[in-house]
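Peer 1: Here is a sequence together with a model predicted from it:
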Amino acid sequence: MQELINRAKELLADGTVVRVLGWKKGDLPYNPEPHIFTSAQELEKDFIYNGFCGANLSKYMIAATKLEGKTLVFLKPCDTFSFNQLIKEHQVNRDNAYIIGVGCKGKLDHRKFAAMGLGDIAEISGIELSDACDRIHVKTIYGEEKDIDYRDVMLERCFFCKTKEHQIFDEKLLDSKDTVAEGADRFEEVRKIEAMTPAERYAFFRSELSKCIRCNACRNVCPACNCRHCVFDNTKYDTAQKANADTFEENMFHIIRAFHVAGRCTDCGECSRVCPQNIPLHLFNRKFILDADDLYGEFQAGSDTTTPGPLTAYTLHDVEPAAGLERSRG
Amino acid sequence: MKKIAKENLPKLFAEVSAAMDLFTPVKMADVTNWGLWDDSRVADLDTLKTVKSPKDVFFPQCQTLYMVHHDDNGFEISPMKLTEKPFCVFGIRPCDVKALTVMDQVFLNQEPVDTFYKARREHAVLVSLACHKPAQTCFCKVFGTDAAAPDADVAMWKIDEFFYLEAQTEKGTAWLDQFADAFEDAEGAGDKIAKEQDSIRSIVESLPYTHLSLEGWGPGKVEEKFNDPHWKELSDACLACGTCTFVCPTCQCYDIKDFNTGHGIQRYRCWDSCMYSDFTLMAAANNRLTQMQRYRQRFMHKLVYFPENNNGLYMCVGCGRCVDKCPQALNIVKVIKTMGKENADV
C-alpha cells in the first residue's frame, strides 16, 4: 500500500496530477470511503487500499475529469472496464485522467462477516493485497477470535472475476492474485432462473423486488447509469417516482433500468454490492448479457473504447425481432 | 412480570393476530424487515437491526391520503379511513421507540396535527425488546437511550430461551391481561433482569461510538456549522441515493403526489429524501443545487436545526442503520467526528 501512497505523492509533487481519487481509512476496520486527496500529508495520513476497498471509482471520474488539471485515479482491473465504457460514451475526459491500475485479489463483503456472526470487527488481518488470498483473522468487539477463509467473505462478483488484466491504464502497481475457482460460470444462476417455470420465476422476482425501497443506490452507483437527469427523477413528466406506489412499479423500475444498461453494463457488480436489501440485481444484467451474447455474438462492454455495443451497431446479420418472440415461446 | 418461552411465541402471535394487527420483524428473502405477521411468516427477533426501521408502521413509505372520483355527476372526494383499532408492535428496539418521540415533535406536537400519524400512534401497543447484544455501529446512549430499559408500553428482555415482559403503562397492562393465558408468571425474575441489564450496559459502555461527543453541535450552531469548510470533502463521495434517509427511523420529510387513475386521482404521500435533486424544488427553481448543499442539509437538520427548534432534541437516535448501509461508507458519525469537538484542531 505504501507504494501507492509514494507514487501518488510523486505525481502530485511533480505536477502531473492535482488531485488523487482513492480510498480513505474509515473509523471502523471495514468502512473505507472513496475520497479525493489533494496533499501528500493527507495521503500519508488517510490513504488505504485493502480488501474492503470494493467501491468502483470510475463513475466519480465523470465529475473529476471536468475539473481543471489531471486527476489520478486508482482503478482495479474490473473498474477499468467501466472507465473504458465511460470513454466510449463520451462521459469522461481521458486527457484529464491519470490511471494507476492497482492489483486486486477479490474484495470483501461485510454482510458475509455479519452472517457468520463476525460483523462487529474490532481487529482484522489478512486483508492486505500483500497477504496471501488465504486466511483472514478476525477479532470482534465481543472478544471472539476466528480464522476464516478469504473466499467465505468475498463479494459474489469476485468469484466470477472477468480478468485480472487492466483494460486501460497509464501505469500499473502491485500484482493481483487469482480469485476465480476452476469451472466458475457467472451465468449459472441465470440458467437456474431460466429453467424455472414462469410462475416460479415470477415468485422469485416478486420476493426479491418487493424488498426494494427505491433508494436508487443501484442506479446512482452504476457507471452505465450516467444520464444527467434520470427519467425517474424528472418531475416534468409522469415518470418521476420517489416510492414504489405498487408492485408494478417495484418490478418496472429495475426491469427498465436493466434494459437501459443492456449492452453497456460491464457486470461490475456494484448494484448488488450497494443494495441495502440484498437484492441480487446483477442477475438482471447477466441475463441481458447472456441473451446479447447469444443473439449477437460474445461481447464484453468496456474491453475497449471503440467497438460499438451489440445494441448500438447495425449489421446485416443482426437477429430479426421475431427471434425474441420465438425464444419467449420456448 | 410475565414470561413466555421462545418456542411458544408462534402460539402467542396467532392469538394476538386474531385479535389485532401484529407487526413484528420478519425475515423474507434473506433480510429482516418489519411486516404484518401471519402464520405463513416467521418472526425474527434475533436480528438486532431490521433494514428499514419500524417507521413504516406509523408513517408508511407510500400512503394514500384521499381518492377523487370523477364522473358525469361531478367530483367525489373520499378521504382514506384513519386507524380505528388497536394494533401491536412487537419487538421494537429502544432506539426506534425513541425515534417515535422525535417524529411526535413533527407530526403531533405542532399544528397542524397529522391525523393519519396520530391515529396510528394512539392505537399502537409498543412491546419493546432490550438489546441483548448491541452492535459496533450502535450509539443510542449518545442520544440518551438506555438499550437495557425499553421505554414502551411493555418492556421485554430475552434471557436464554425466555422472553420476560413487564407492563409499564395502562395500555401495556391491558395488553398483557388480554393475552394472559399465553404467559407464565415470572415474579422474582427481577435479579435475572438486573443481571441482563448490567450486561447490556457494560457492552454499551465498550462500544466504539458510545462516547461520541456532541459538543459543537445542537442549538445555536447554525452559522458556525453551515459555513464549515468540511462539508465539501465530506460530501464528495456521496452518491445522492436515498439509502440513509429511507433506513433512518427519524427522517420524516415527504412529498405529495397525484396518480391518475383514469377516472380520477389518487392523492398519496411518499417519503422524500433531501439527497434527491428535486427535493425542495419550487415553481421558480431549487434553492439547493449541489450535492454538498443537500448533504449539508441532511446533517444540519438532524444535528442543528431540529435541536434548535425542539429544545435540544436531536433528530438522530443512534440506531446506526445509516452507518451499516451507506453504499460508500459515509455517515453521521463521520460528520459528527470531523466537524465536532473531537477534531476541533484539524
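Peer 2: In hand now; what should we look at? Bear in mind that the values here come from a model prediction, so they are computed numbers and not experimental data. Numbering: from 1, shown residues only, chains lettered A, B, ... in the order given.

Peer 1: Check whether residue B:22 sits in a helix, strand or coil.
Peer 2: strand (DSSP: H, G, I helix; E, B strand; the rest coil).

Peer 1: Mind listing the residues bridging to it?
Peer 2: For residue B:22, the beta-bridge partners are residue B:88 (DSSP bridges).

Peer 1: Spatially central residue for chain B, please.
Peer 2: With distances taken as C-alpha atoms, centre = their mean, residue B:249 lies nearest the centre of chain B, 2.6 Å away.

Peer 1: is it true that that one touches residue B:321?
Peer 2: Yes: the pair residue B:249 / residue B:321 is scored as a contact, 7.4 Å apart, by C-beta atoms under 8 Å. Using the backbone N, CA and C atoms, a C-beta is placed for each residue, glycine as well.

Peer 1: Which residues are in contact with each of the two?
Peer 2: The contact sets of residue B:249 and residue B:321 overlap at residue B:53 (C-beta atoms under 8 Å, 6 or more residues apart in numbering or on different chains).

Peer 1: which parts of the stretch 101-250 of chain B sit against chain A?
Peer 2: When proximity is defined as C-beta under 8 Å from any C-beta of the partner chain, the stretch 101-250 of chain B approaches chain A at B:133, B:135-137, B:203, B:206-208, B:233, B:236-237, B:239-243, B:245-247.

Peer 1: rerun at 6 Å
Peer 2: B:135, B:136, B:236, B:237, B:239, B:240, B:241, B:242, B:243, B:246 (C-beta under 6 Å from any C-beta of the partner chain).

Peer 1: Which ones among these map onto helices?
Peer 2: Taking DSSP state H as the definition of helices, these contribute B:243, B:246.

Peer 1: Let's see if you can find the most crowded of the residues of the stretch 101-250 of chain B next to chain A.
Peer 2: Sorting these by how many neighbours each has (other C-beta atoms under 10 Å in any protein chain shown) puts residue B:246 first, at 29 neighbours.

Peer 1: And that residue, how close does it get to residue A:152?
Peer 2: 30 Å (C-beta to C-beta, to the nearest Å).

Peer 1: ranges for the strands of the stretch 101-250 of chain A?
Peer 2: A:121-125, A:135-140, A:145-149, A:171-173 (DSSP state E, counting those that start in this stretch).

Peer 1: For residue A:1, which of those strands is the nearest?
Peer 2: Closest to residue A:1 of those, according to C-beta to C-beta: strand A:171-173, at 9.9 Å.

Peer 1: quick one: the helices in chain B?
Peer 2: Going by DSSP H, chain B shows helices at B:9-19, B:55-58, B:94-107, B:115-123, B:170-178, B:190-206, B:222-226, B:230-235, B:243-247, B:291-300, B:306-309, B:321-325, B:332-339.

Peer 1: Give me the neighbour count for residue B:29.
Peer 2: Close neighbours of residue B:29, defined as other C-beta under 10 Å, add up to 16.

Peer 1: looking at the helices of chain B, which is buried most?
Peer 2: Across the helices of chain B, the average number of neighbours (mean count of other C-beta atoms under 10 Å in any protein chain shown) peaks for helix B:243-247, which reaches a mean of 26.

Peer 1: who's in contact with that one?
Peer 2: A:213, A:215, A:217, A:276, B:52, B:251, B:273, B:321, B:322, B:325, B:326 (C-beta atoms under 6 Å, 6 or more residues apart in numbering or on different chains).

Peer 1: and residue A:255, how far is that from residue A:307?
Peer 2: Counting by C-beta to C-beta, the gap from residue A:255 to residue A:307 is 26 Å.

Peer 1: I should have written residue B:326 there, sorry.
Peer 2: Taking C-beta to C-beta, one finds residue B:326 at 36 Å from residue A:307.

Peer 1: now do residue A:81
Peer 2: Note on residue A:81: its distance to residue A:307, by C-beta to C-beta, is 12 Å.

Peer 1: ok, the two, which is more surrounded?
Peer 2: Shown here are residue A:81 and residue A:307; by other C-beta under 10 Å, residue A:81 has more neighbours (27 against 14).
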